[in-house]
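> next comes the sequence, and after it the predicted model I'd like to discuss.
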2 protein chains.
Amino acid sequence: MSRTDPDLKTQTSAAPDAAEFLRLDNQLCFALYAASGLVTRAYRPILEPLGLTYPQYLVMLVLWERTPRTVSELGEALNLDSGTLTPLLKRMEAAGLVNRGRDPADERRVLVTLTQAGAALKEPAKGVPAALACGMAMSPEELTDLRATLQDFARRLKGVADEGDSYSRPA
Amino acid sequence: MSRTDPDLKTQTSAAPDAAEFLRLDNQLCFALYAASGLVTRAYRPILEPLGLTYPQYLVMLVLWERTPRTVSELGEALNLDSGTLTPLLKRMEAAGLVNRGRDPADERRVLVTLTQAGAALKEPAKGVPAALACGMAMSPEELTDLRATLQDFARRLKGVADEGDSYSRPA
DNA sequence: TCCAATTTGATTGTGTACAATTTAATAGCT
DNA sequence: AGCTATTAAATTGTACACAATCAAATTGGA
């Protein structure tokens, strides 16, 4: 018995019985969890010269599309709440990438805009996707399929999460 | 022009030009990042009654398979380093789920074992996969395909990451 | 034997993440 | 106007996550 597989339990996928079947989504969720960590890790050395972390890069992608944005708009786009975004944006402000200021029309809102340096960073950042893509070597079809599957998966999971915390729903 | 899509830029996937093509893996990586967050969120209400977070649940899955395990074995299985695992395991020790002790044969190693309470938690935890799976409603084929694709994707990404930090390689 | 290189965890510092609470401001109703 | 409910961020507290560094133990020669 020389199984040297370090994964949770990579079955031979021959004939999964009941117990194994239940383990399948554990494997799937873990695969997702692990792949996400690898994404962050893969981006790190590429983004480091730009002075960005991966979540900060995602914020910049949104801001490069259109600006200004409110904190809640960023949160909706990235699936993050203010408890995550506020300190993240403060660090980006300290780095001179963005400005934060209250919306005069509605003082509850905080408008996030790009500084000149932040806008200028778009140019060197154009090489980022290629730098990553050249390493993973997936075909456009594979990329498209996986993305579509993940988005479908995410839509279903969002449903599960919404059922879970019933108290956070309008009623 | 009434585009109300909150995503980064969900194209119509008609005829991607060069710029759009480069954006594809941004979308893919973000989809992965977002889906991973949703996994953690979906597990939260299910694991909360067991007193576990999702990473802690992953550690328990490994320990329920076989015990004892060293910290580095856990790290290899879960793709986490000691800086993450040490405090996590200490919290689990404080919660009475695991014991930690040096290996008499090699004092550098720390052996993690299950307490009675930790081992007993396996029973109620058996309902966890079903609780999650019943909500996402994916066919076994879909689950298997997505898992396989993700693992393939992860293998390639691992390659990219290893190229990135060239200083962490043996030489 | 002795000692340099390696291995293994722990520690430190920074940066996400999110639930729960708080604060401030707007909107809606009477 | 005055009051209540709602909304938007910020804050607080807890929990990952990893790079860099440190300390202790083991290993492998010379």
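In hand now; what should we look at?
> then the lengthiest strand in chain A to PDB, C-alphas only?
Determined from DSSP state E, the single longest strand within chain A is strand A:106-114. Presented in PDB, the C-alpha positions along strand A:106-114 are these (Å, rounded to 0.1, in the frame of the first residue of the first chain):
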ATOM      1  CA  ASP A 106     -25.200  62.300   0.100                       C
ATOM      2  CA  GLU A 107     -22.800  62.600   3.100                       C
ATOM      3  CA  ARG A 108     -23.300  59.000   3.900                       C
ATOM      4  CA  ARG A 109     -21.500  57.900   0.800                       C
ATOM      5  CA  VAL A 110     -17.700  57.800   0.400                       C
ATOM      6  CA  LEU A 111     -16.500  58.400  -3.200                       C
ATOM      7  CA  VAL A 112     -13.300  56.600  -4.200                       C
ATOM      8  CA  THR A 113     -11.400  58.200  -7.100                       C
ATOM      9  CA  LEU A 114      -8.100  57.500  -8.700                       C
END
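> tell me what the lowest-mean-pLDDT helix or strand in chain A is packed against?
Every helix and strand in chain A was compared by mean pLDDT, DSSP states H and E; the lowest is helix A:140-164, with a mean of 71. For helix A:140-164, the elements it packs on are helix B:18-47, helix B:128-136, helix B:140-164, judged by 3 or more Cβ pairs under 8 Å, 6 or more residues apart in numbering or on different chains; DSSP states H and E. Backbone N, C-alpha and C define where each C-beta goes, glycine included.
> any idea how far that helix is from the chain center?
13 Å (Cα atoms, centre = their mean, to the nearest Å).
> now the longest strand of chain A, how far from the chain's geometric center?
23 Å.
> and the closest residue to DNA strand C within chain A, which helix or strand is it part of?
Residue of chain A nearest DNA strand C, by Cβ to the nearest atom of the strand: residue A:83 (2.8 Å). Using DSSP states H and E, residue A:83 falls within helix A:82-94.
> does DNA strand C have contacts with the helix or strand following that helix?
Once helix A:82-94 ends, the next helix or strand along the chain (criterion: DSSP H and E) is strand A:98-103. No. Residues of strand A:98-103 are not located near DNA strand C by Cβ under 7 Å from any atom of the strand, the shortest gap being 7.8 Å.
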